[in-house]
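Peer 1: Compute the structure for the input listed below.
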Amino acid sequence: MASFDPNRFVLEHDQDTPKEILRAAYQAFGELTLSFSGAEDVVLIDLALKVAPKEDVHVFALDTGRLHPETYAFIERIRAHYDIAIDVRFPDSEAVQALVRDKGLFSFFHDGHQECCGIRKVAPLRRRLAGLPMWVTGQRRDQSPGTRSSLQIAEHDHGFGSDASPLIKVNPLTHWSSEEAWTYIRMFDVPYNPLHERGFVSIGCEPCTRPTLPGQHEREGRWWWENQEGKECGLHSTNLHAITPDAPG
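Peer 2: Next up is the predicted model:
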């Protein structure tokens, strides 16, 4: 939407609640497209259905082929609980086969997670976002201080959008803490992934996710064998560019 100014949106709504931010975004775009994976995303689904008609709320999820069994069951539980369609997106099978053939099933332990994430996550997301004016994410500033500390409630997504086809990313939970998100989950009986009860905080693919210990940051459970800075899979590559222009997307 060429007339949407994210900077003005931030000035007008930065102090609003996530529900008010979502309502303002719906009024601006006439629809809400939400990516779904973790606990915060279900909070957004719950809120979105309170500010917009169900037919205007579009939810999608990325099936990398490497998710926990509990996550697959969770996706189905959300579909049934809210009586909504979830557009599950898959990676290109030939690209996955080529990666596994050339490097095996666990190449990311040796040469980093970016290539695997690029095939299993980023490429399917790029296809899903093509032509869309906006998408809503569950990002928070406190999720990853190294890459998300400058996150805004609305911003241009230069990773998946372009000058010819601009894409706006709306992040209603920017200023919330993990505790606030879980307070909402408990207060409104929002479904959550049972892996959270086993110490998993940030949940991704099964080989690349593990429970965190007391005192560890939630992102330390992701790609723990790599450098602790810049932990992004590529879905939010602009966060990396915000800390260094040479960071990989």
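Peer 1: give me every residue that touches the spatially most central residue of the chain.
Peer 2: Centroid check for the chain by Cα atoms, centre = their mean gives Thr137 as the closest residue, at 5.1 Å. Applying Cβ atoms under 8 Å, 6 or more residues apart in numbering to Thr137 gives the contacts 34-35, 41, 169-171, 236. Quick note: C-beta positions are derived from backbone N, CA and C, even for glycine.
Peer 1: ok, now how distant is Asn193 from Ser37?
Peer 2: 9 Å (Cβ to Cβ, to the nearest Å).
Peer 1: same thing with Arg141?
Peer 2: In terms of Cβ to Cβ, Arg141 sits 18 Å off from Ser37.
Peer 1: Mind naming the longest strand for this structure?
Peer 2: When the chain is parsed with DSSP state E, its longest strand is strand 57-62.
Peer 1: Next, report how far it is displaced from the centre of its chain.
Peer 2: In terms of Cα atoms, centre = their mean, to the nearest Å, the centre of strand 57-62 is set 11 Å apart from its chain centre.
Peer 1: List the buried residues for that strand?
Peer 2: 57-62 (16 or more other Cβ atoms under 10 Å).
Peer 1: and the residues you listed as JSON lines, adding distance to Ile185 and pLDDT?
Peer 2: As requested, the buried residues of strand 57-62 are exported to JSON lines (distance: Cβ to Cβ, whole Å; pLDDT from 0 to 100):
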{"residue": "Val57", "distance to Ile185": "19", "pLDDT": "98"}
{"residue": "His58", "distance to Ile185": "22", "pLDDT": "98"}
{"residue": "Val59", "distance to Ile185": "17", "pLDDT": "97"}
{"residue": "Phe60", "distance to Ile185": "21", "pLDDT": "97"}
{"residue": "Ala61", "distance to Ile185": "18", "pLDDT": "95"}
{"residue": "Leu62", "distance to Ile185": "22", "pLDDT": "95"}
